[in-house]
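>>> sequence first, predicted coordinates after that:
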Amino acid sequence: MLSDWWWEFWSVDPILPRTVNNIPGPTLDGTSLNLIIYFMLAMFIAGYAFYLWFRANRLDLEKLGRMSIAVLLIFWIGLEVRQSFSYFTYWSADRAQFSGKSLSQKRDLIYPPGFYSFCEFVQMRVPPSELLAVRSRVDELTSIMWNYYSLPRPVSDEAGAAYIVGMNVPPDPALNTEEFYPNWWVARK
Amino acid sequence: MIFFAVLIVLLAGYELLALIEWKKGERPLLERLALSYLIGAGAITLLMFALALLKIKFNIWLIGLPWLALSPLCCTSKVKLPRLPKLSVGEGFLTGALGLKLFYVFYEALIKPVTGWDALWNFSFRAKVFFFERGIPLDRSHPYFLGGGMRQYPPHLPLLEAWTYISQGAWNDAAMKIIFPLYFLALLIVFYYCLRREKSRRQSLFFTFLLSSLPLLTYHAAMEYADFIVGGYFLAAVVYLYQFIKENDYRILMLSAVLAALGPWVKDEGQIFFFICLLVLMVARRFNWKYLLTYLSPYVILIGPWIMFKNVFKLSLGNEPGFSLARFGSFFNFHPETVSRMLGDGFLKGNWHLLFILWLLVLIFFGRKIFKSEVKYIFWTSALAWLFFTAIYVFTFNWGMVFTGIIVHRNFLTFVPQILLLCGLTL
């Protein structure tokens, strides 16, 4: 059991690096470690208060406060040591993934992998003066990425566009499509 | 040329700081640089906003030259040059830990391009529009009118990002991200010097290390979001408001007012933070009109044009496009259960380590000491900010966000540094 707790303690933060909204924090046997620390802290405060009262027949609140906070800060540092392991894990993963790459290669590694290359392919195929329309069956994030990477080219509806870009849709047999990946293509109308 | 972008920001801030603190005594170089970054970033983006309103296309010299021309102003301020101090083992360890954290934050920010969800569709998206348009599209028929994204959001961050692109002459969204760890560094420095004015070097370093250890803050320092940036301005405004209350130096009050006024330029919450600072000042100085007008003047000058702009373009307040104070009734909800959820998350999740229990213990054991000293004003600023967010979630349509955990912790980023500052100053 202690071994399980040990590995649970060192588990890396399950955060989504794209939008860090909330860090669940460490647990032991599924219980928040913070809760366990509060319990231990309460035990310590009660015990130390009793000790102070027993020794001097009065409660020195400032002394009790300082000692309690000192204990709390030791726990804090313990949590930070654990947290640093998460940072180290993210750092080494990002180093392995991004270090030594060009900016385009780095953009290509971001979700969805290879998407930036597709965007560049579209930019090269469609002259800047021409309008394009998009047919897509992609998730919201890919759609956001497309808007971000395709800037400053405005997107039009199909009626007004000279080119059509297909993202995760089968090529249109009526058009002369040029595929980059299967189902990812560009075509002149 | 990203260093040129940062250099101009620092130069602009340094000059303006010299004007605000005209002939004031020495200030440590690091603190002066941190303040220069905070003020300079706001000054550059306000200048860009003014150029956009005048329909003048952005260019590197137009934005950079005024500050280069004003550089003799830098000579008017006295700087205490840093000497390499003899550190004890503990201080050396804390400095090393802080250095490692800064290394991590800078590395994580600069190693990869923009990945943040809100950045991709809002902040950095707008920055890219401003860069390629060399201005803010003000024509309603433009496909990227006001830059697209959240049009009602203040354009500080997108403009600052656009400034880095303009100074590099290219859309480099990896190098651009240096602005975020620099804000983090500025936050740490301002925090450290506030403590250092009253506490030992070891204690100041220790609490600065604790601030740098807050997990959510560390992650956000390497991300392209605006929450901790508005918190940085709020903290700095509170720090110098506190110093003013203690020392009664008018120039320090003006410094606090400028920093508080720059908060609303980053995010709408900054409006509330400004008025929290103003309220605390009024309570501390018994509603003195002279101080009221002094504190309000930077707000009117710096933020007035943006508020007028919002009115002209009928831009709403906050996240909800249809929201306005006049229509508050239609957005009213009552969800008291959000309070227990917010408290539970604050105490039990991993975002803040043990900060909230530390706050509680400090208030229980040292409350009397806090409320007898000027530190109580720092308590009130953080408590009022916390109450503001609680009210937002209890009484408005935003309550659902507490249960999805989407934004509430990011809101907390704006005022948690003050909680730690209060603890550091009390112990």
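Nice, I can see it. Residues are numbered from 1 along each chain as shown, chains lettered A, B, ... in the order given.

>>> could you use CA atoms for every contact and neighbour count after this?
Fine.

>>> so where's the chain uncertain?
No chain specified, so I'll use chain A. Low-confidence segments of chain A (pLDDT under 70): A:16-17.

>>> meant chain B actually
Across chain B, the ranges flagged by pLDDT under 70 are B:24-25, B:318-330.

>>> may I have the secondary structure class of whichever residue of it sits closest to chain A?
Per Cα to the nearest Cα, residue B:350 is where chain B lies closest to chain A, at 3.5 Å. Put simply, residue B:350 is coil when judged by DSSP: H, G, I helix; E, B strand; the rest coil.

>>> how are the helices of chain A distributed by residue range?
A:2-9, A:33-56, A:61-98, A:103-109, A:115-125, A:140-150 (DSSP state H).

>>> what sits against whichever residue of chain A sits closest to chain B?
At 3.5 Å from chain B, residue A:25 is the closest residue in chain A, using Cα to the nearest Cα. Neighbouring residues of residue A:25 by Cα atoms under 8 Å, 6 or more residues apart in numbering or on different chains: A:13, A:32, A:33, B:348, B:349, B:350, B:351.

>>> mind telling me the two of these farthest from one another?
A:13 and B:348 (14.5 Å; Cα to Cα).

>>> compare neighbour counts for the two and give me the winner.
Shown here are residue A:13 and residue B:348; by other Cα atoms under 10 Å in any protein chain shown, residue B:348 has more neighbours (25 against 20).

>>> up against chain A, what does the stretch 251-400 of chain B have?
With Cα under 8 Å from any Cα of the partner chain as the criterion, the stretch 251-400 of chain B comes near chain A at residues B:347, B:348, B:349, B:350, B:351, B:353, B:354, B:358, B:361, B:362, B:365, B:366.

>>> out of the contacts of residue A:25, who's nearest residue A:179?
Using Cα to Cα, residue A:13 comes nearest to residue A:179 of the contacts of residue A:25, at 39.2 Å.

>>> tally of neighbours for the closest residue to that closest one other than its chain neighbours?
The shortest distance from residue A:13 to any non-neighbouring residue, by Cα to Cα, 6 or more residues apart in numbering or on different chains, is to residue A:86 (6.2 Å). The number of residues packed near residue A:86 is 18, by other Cα under 10 Å.

>>> which of the residues in stretch B:12-32 are buried?
B:12-21, B:27, B:30-32 (16 or more other Cα atoms under 10 Å in any protein chain shown).

>>> ok, the nearest residue to the residue of chain B closest to chain A once chain neighbours are set aside to residue B:383 distance?
Sequence neighbours aside, residue A:25 is the residue nearest to residue B:350 in space, at 3.5 Å (criterion: Cα to Cα, 6+ apart). Counting by Cα to Cα, to the nearest Å, the separation of residue A:25 from residue B:383 is 24 Å.

>>> got it, and residue A:10?
34 Å.

>>> what residues does the helix or strand hosting residue B:184 touch?
Assigned by DSSP states H and E, residue B:184 belongs to helix B:179-196. By Cα under 8 Å, 6+ apart, the surrounding residues in contact with helix B:179-196 are B:6, B:30-31, B:33-35, B:37-38, B:102, B:105-106, B:109, B:161, B:204-205, B:207-208, B:211-212, B:221-224, B:229, B:232, B:235-236, B:239, B:421, B:424-425.

>>> go on, stretch B:147-157?
B:42, B:45-46, B:121-123, B:125-127, B:129-130, B:136-137, B:145, B:226, B:264-268, B:306, B:310, B:315-319, B:321.

>>> now with 7 Å, please.
Applying Cα atoms under 7 Å, 6 or more residues apart in numbering or on different chains, the contact partners of stretch B:147-157 are B:45, B:121-123, B:126, B:129-130, B:136-137, B:265-267, B:315-317.

>>> over to stretch B:66-85?
The contact list for stretch B:66-85 (Cα under 7 Å, 6+ apart) reads B:8, B:11, B:12, B:14, B:15, B:18, B:23, B:25, B:26, B:27, B:28, B:29.

>>> my guess is the third one contacts residue B:40, does it?
Yes. Using Cα atoms under 7 Å, residue B:12 is in contact with residue B:40, at 4.8 Å.

>>> how long is stretch B:191-208 from one end to the other?
End to end - Cα to Cα - stretch B:191-208 spans 7 Å.

>>> buried sites along that stretch?
Residues of stretch B:191-208 classed as buried by neighbour count (16+ other Cα under 10 Å): B:191-196, B:199, B:201-208.

>>> which residue ranges make up each domain of the chain?
All of this refers to chain A. A:2-98, A:104-188 (automatic domain parsing).

>>> hmm, no, I was thinking of chain B.
With automatic domain parsing as the reference, chain B has domains B:1-78+B:95-225, B:265-427.

>>> return the most buried member of these.
Using mean count of other Cα atoms under 10 Å in any protein chain shown, the stretch among the domains of chain B with the largest mean neighbour count is domain B:1-78+B:95-225, at a mean of 21.

>>> end to end, how far does it reach?
23 Å.

>>> can you give me the distance of the residue with the largest distance to the centre of chain A to residue B:91?
In chain A, residue A:57 marks the outermost C-alpha relative to the chain mean, sitting 54.0 Å out by Cα atoms, centre = their mean. Counting by Cα to Cα, the separation of residue A:57 from residue B:91 is 38 Å.

>>> get me the contact residues on chain A for chain B.
Residues of chain A lying near chain B by Cα under 7 Å from any Cα of the partner chain: A:18-19, A:21-26, A:32, A:34-35, A:61-62, A:65, A:69, A:76, A:79-80, A:91, A:98-99, A:106-107, A:144-145, A:148, A:152, A:154.

>>> any of the residues you listed buried? List them.
Members of the residues of chain A next to chain B classed as buried by 16+ other Cα under 10 Å are A:18-19, A:21-23, A:25-26, A:32, A:34, A:65, A:69, A:76, A:79-80, A:91, A:98, A:106-107, A:144-145, A:148, A:152.

>>> excluding chain neighbours, what is closest to residue B:298?
Leaving aside its sequence neighbours, residue B:298 is closest to residue B:258 (5.5 Å, by Cα to Cα, 6+ apart).

>>> again, but for residue B:390
residue B:339 (6.8 Å).

>>> next up, phi/psi of the one you found, please.
phi -60, psi -50 (degrees, to the nearest 10).

>>> what is the neighbour count of residue A:118?
Neighbour count of residue A:118, defined by other Cα under 10 Å: 20.

>>> that'll do, ta.
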